[in-house]
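Undergrad: predicted coordinates and the sequence they were generated for:
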Amino acid sequence: MKTPDFDTITRRRFLLGLLGGAASALTWGCIPGRSSSAAGRPPNIVLVLADDLGYGDLGCYGQKRFETPRADRMAKEGVRFTQFYSGAPICAPSRTSLLTGRHAGHISIRTNDDPIFQETGPTCAGVLRERGYATGVFGKWGLGDENGAGAPDLAGFDEFFGYLDHRAAHRQRPGSLWENRRRVKLPPETYAHDRIVERALGFVRENRDRPFFLLLAPTLPHPDLDVPEEVLRLFRGRYPEVPYVQTAGKEYLSQPTPRAAYAAMVHMIDRDVGRLLDLLRELGLDEKTLVMLTSDNGAGRAGGSDPLFFDSWGPFEGRKRTLYEGGIRVPLVARWPGMIPAGAVCARTGGLWEMLPTFAEVAGAPAPPNGDGASLLPLLGGGARPDPAFFYWEMHRPHMVQAVRLDDWKGIRDDRDGSFELYDLGKDVGEKNDVARDHPETVRRMTEIMRSAHVPLSR
C-alpha cells in the first residue's frame with residue numbers, strides 16, 4: 001500500500017510539535033483541574049463514534065443523495081482515511097475493542113447478547129485520566145446495566161450521560177437516560193440525541209481550562225428511524241419511499257418515510273459535529289484539539305434502513321453483521337489545525353483498537369503493553385509507520401466467523417464448515433473473486449493467524 005506524499009515542511013512541523021507536546025505532557029503531570037495557563041497543556045481529544053454509519057454515508061466518501069458539509073469540510077481541513085476498520089461488525093465488541101486497544105479475539109465481549117463491560121486492563125479513558133484529563137462519554141455506552149455493572153466510571157470516565165444498555169438505545173425517545181449511575185426521567189416527546197449533544201457541548205465548556213477527552217457516541221443513524229419533524233421535513237419528498245411497518249416480531253418502530261429519516265439522521269450527526277467544531281473555535285481550543293469522526297461498524301438494513309439506495313457500503317461487499325468489507329470498513333476523518341496537513345488522504349490500514357495507543361501518544365503517556373495495535377499518529381501527520389503484522393476480526397452468529405487482513409490479502413473463515421474465502425483487495429476491493437484455491441500457502445498462513453489470534457473465552 002503506497003503512502004501518500006505529503007508536504008515535507010508540514011510533516012516536519014507536525015512531528016516537531018508532537019515531540020514538544022509529548023515532552024510538555026510528561027512534565028505537566030496528572031494534576032486534576034490544572035489551569036490551561038500552565039505551560040505544556042496536553043492536547044484535547046474528541047472522538048465522535050456514530051452508530052452504523054456506513055463508509056459511503058459522508059459526502060467526502062462519495063455520498064450523492066444528501067449532503068454532509070461539516071464532515072466534508074473536516075476532511076478538507078484534515079485527513080481522510082480510506083482503509084480504516086471497526087473493531088467488529090456489531091456494536092458491543094467494536095466499542096469494547098475501542099476502549100481496550102485489543103482486537104476481537106482478545107476481548108471479553110464478542111456478541112451483543114446483554115454485554116457488560118468487565119475488562120480489567122487499562123482503557124483509553126483510564127490512560128488519559130491518569131494524565132490529568134477530564135474524561136466524558138455522552139450517548140450510547142451500551143455496555144452496562146441499571147445495577148451498576150459495566151458502568152462507564154469503571155472504565156475511566158468521570159462523566160456520563162446517555163444510554164447504559166444498548167437495546168434501550170434503539171429508542172430515540174426513551175423516556176429516561178442515565179446520568180452517571182442515576183436514571184433521569186425525560187418527557188416522553190424528548191428526542192434524546194439533542195439532550196446528549198447539549199451535555200457534550202457543556203462538558204467542553206466546563207473543561208475548557210484543562211485537557212479533556214470527549215467520547216460523543218450518538219445513536220444515529222441506527223434505527224429506530226425516528227427524527228424530529230423540523231429535521232425530517234428537510235428531506236421528506238426527496239426520495240421514493242417504501243414505508244417501514246412494525247409488525248409482530250419486529251423490534252423497530254414504523255416509519256412512513258424511512259429514506260428521508262435516514263438522511264435526516266446523518267444530517268443531524270453532521271450538523272452537530274459542526275456545532276462542536278464551532279464551539280472549540282469560539283473557546284480558542286481549535287488548534288489544541290484533535291477531533292476524529294468514525295463509526296462502530298458498517299451500515300445495516302434493519303428498521304427500514306436502505307443502504308443499497310444510499311450506496312452506504314460504497315464499493316464494498318457485505319453489511320453490518322458480516323466480515324466482508326462493507327461490515328467493517330468505516331469512515332475516519334481527523335482534524336487538528338496546524339498539526340494535520342489539510343486535505344490529506346491516508347491509504348494506510350488502521351483499526352479502531354488503535355485509538356488507545358494513538359490517544360496515549362497524543363497525551364504523552366506510554367501505551368499499555370498488552371494492546372494489539374500501534375499509534376495512528378504518524379499517519380495523521382502525513383508520515384508512515386510499519387504496518388501491523390495483521391488485522392483480525394471475529395463474529396459469532398452463533399457460530400464463529402473469522403477474518404484476517406494481511407497486506408492486501410483478506411481471508412474469511414467460517415467455523416461451521418471450515419470453508420475459507422480469500423480475496424486480493426488490491427485488485428478486488430468488492431470481494432467478488434475468491435482465489436483461495438490458487439494460493440494455498442496464504443490460506444495456510446492466515447489460518448494459523450486465526451488460530452493464534454482467537455483466545456477462547458473462559459466460562
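TA: Cool, got the structure. Numbering: from 1, shown residues only.
Undergrad: tell me who's in contact with residue 194.
TA: residue 228 (C-beta atoms under 8 Å, 6 or more residues apart in numbering). The C-beta positions use only the backbone N, C-alpha and C, and glycine is treated the same way.
Undergrad: please apply the same query to the one 3 residues further on.
TA: For residue 197, the residues meeting the contact criterion (C-beta under 8 Å, 6+ apart) are 138, 216, 218, 272, 275.
Undergrad: and residue 57, how far is that from residue 313?
TA: 9 Å (C-beta to C-beta, to the nearest Å).
Undergrad: now do the shared contacts for those two.
TA: residue 299.
Undergrad: so which of the contacts of residue 197 is surrounded by the most neighbours?
TA: Neighbour tally across the contacts of residue 197 (other C-beta atoms under 10 Å): the maximum, 28 neighbours, falls on residue 216.
Undergrad: remind me what the helix or strand harbouring that one packs against, helices and strands.
TA: Per DSSP states H and E, residue 216 falls inside strand 212-217. Here strand 212-217 touches strand 44-50, helix 124-130, strand 134-140, helix 192-206, going by 3 or more C-beta pairs under 8 Å, 6 or more residues apart in numbering; DSSP states H and E.
Undergrad: residues of that strand that come out buried?
TA: Buried residues in strand 212-217, counting neighbours by 16 or more other C-beta atoms under 10 Å, are found at 212, 213, 214, 215, 216, 217.
Undergrad: need the contact list for the closest residue to residue 246 other than its chain neighbours.
TA: Distances taken as C-beta to C-beta, 6 or more residues apart in numbering put residue 254 closest to residue 246, at 4.5 Å, once the chain neighbours are dropped. Contact analysis of residue 254 by C-beta under 8 Å, 6+ apart lists 243, 244, 245, 246.
Undergrad: considering those residues, which possesses the most neighbours?
TA: residue 244 (23 neighbours).
Undergrad: contacting residues for it?
TA: 225, 252, 254, 255, 256, 258, 303, 304.
Undergrad: by neighbour count, which of those wins?
TA: Result: residue 225 is most packed of those (other C-beta under 10 Å), 27 neighbours.
Undergrad: report how many residues lie close to the nearest residue to residue 65 once chain neighbours are set aside.
TA: Leaving aside its chain neighbours, residue 65 sits nearest to residue 310 (5.5 Å; criterion: C-beta to C-beta, 6+ apart). Neighbours of residue 310 under the rule other C-beta under 10 Å: 22.
Undergrad: give me phi/psi at residue 310?
TA: phi -90, psi 0 (degrees, to the nearest 10).
Undergrad: where's it relative to residue 368, distance?
TA: According to C-beta to C-beta, residue 310 stands 38 Å off from residue 368.
Undergrad: kindly export stretch 205-218 (C-alpha atoms) in PDB.
TA: Below are the C-alpha coordinates for stretch 205-218, written out as PDB (Å, rounded to 0.1, in the frame of the first residue of the first chain):
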ATOM      1  CA  ARG A 205     -17.300  24.400  28.100                       C
ATOM      2  CA  GLU A 206     -16.900  23.200  31.700                       C
ATOM      3  CA  ASN A 207     -13.400  21.800  31.000                       C
ATOM      4  CA  ARG A 208     -12.000  24.400  28.700                       C
ATOM      5  CA  ASP A 209      -9.200  25.200  31.200                       C
ATOM      6  CA  ARG A 210      -7.900  21.600  31.400                       C
ATOM      7  CA  PRO A 211      -7.200  18.900  28.900                       C
ATOM      8  CA  PHE A 212     -10.200  16.700  28.200                       C
ATOM      9  CA  PHE A 213     -11.200  13.600  26.400                       C
ATOM     10  CA  LEU A 214     -14.700  13.600  24.900                       C
ATOM     11  CA  LEU A 215     -16.300  10.500  23.500                       C
ATOM     12  CA  LEU A 216     -19.500  11.600  21.800                       C
ATOM     13  CA  ALA A 217     -21.400   8.400  20.800                       C
ATOM     14  CA  PRO A 218     -24.700   9.300  19.100                       C
END
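Undergrad: tell me the phi and psi of the nearest residue to residue 439 once chain neighbours are set aside?
TA: Of all residues not flanking residue 439 in the chain, residue 422 sits nearest, at 5.9 Å (C-beta to C-beta, 6+ apart). Note on residue 422: backbone dihedrals following degrees, to the nearest 10 are phi -130, psi 130.
Undergrad: what does the pLDDT read for residue 422?
TA: Reading off the confidence values, residue 422 has pLDDT 98.
Undergrad: kindly state the beta-bridge partners for it.
TA: With DSSP bridges applied, residue 422 shows beta-bridge pairing to residue 411.
Undergrad: next, work out how far apart residue 149 and residue 181 are.
TA: 11 Å.
Undergrad: identify each buried residue in the longest helix seen in the chain, please.
TA: Secondary structure of the chain per DSSP state H: the longest helix is helix 258-282. For helix 258-282, the neighbour count (16+ other C-beta under 10 Å) marks 258-274, 276-277, 279-280 as buried.
Undergrad: dump the contacts of residue 197 into a markdown table; add pLDDT and distance to residue 395 as well.
TA: As requested, those are exported to a markdown table (pLDDT from 0 to 100; distance: C-beta to C-beta, whole Å):
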| residue | pLDDT | distance to residue 395 |
| --- | --- | --- |
| 138 | 99 | 28 |
| 216 | 99 | 26 |
| 218 | 98 | 24 |
| 272 | 98 | 30 |
| 275 | 98 | 35 |
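Undergrad: identify the residues contacting the residue nearest to residue 226 when sequence neighbours are not counted.
TA: Among residues not flanking residue 226 along the chain, residue 172 sits closest, at 4.2 Å (C-beta to C-beta, 6+ apart). Applying C-beta under 8 Å, 6+ apart to residue 172 gives the contacts 191, 192, 193, 219, 220, 224, 226, 227.
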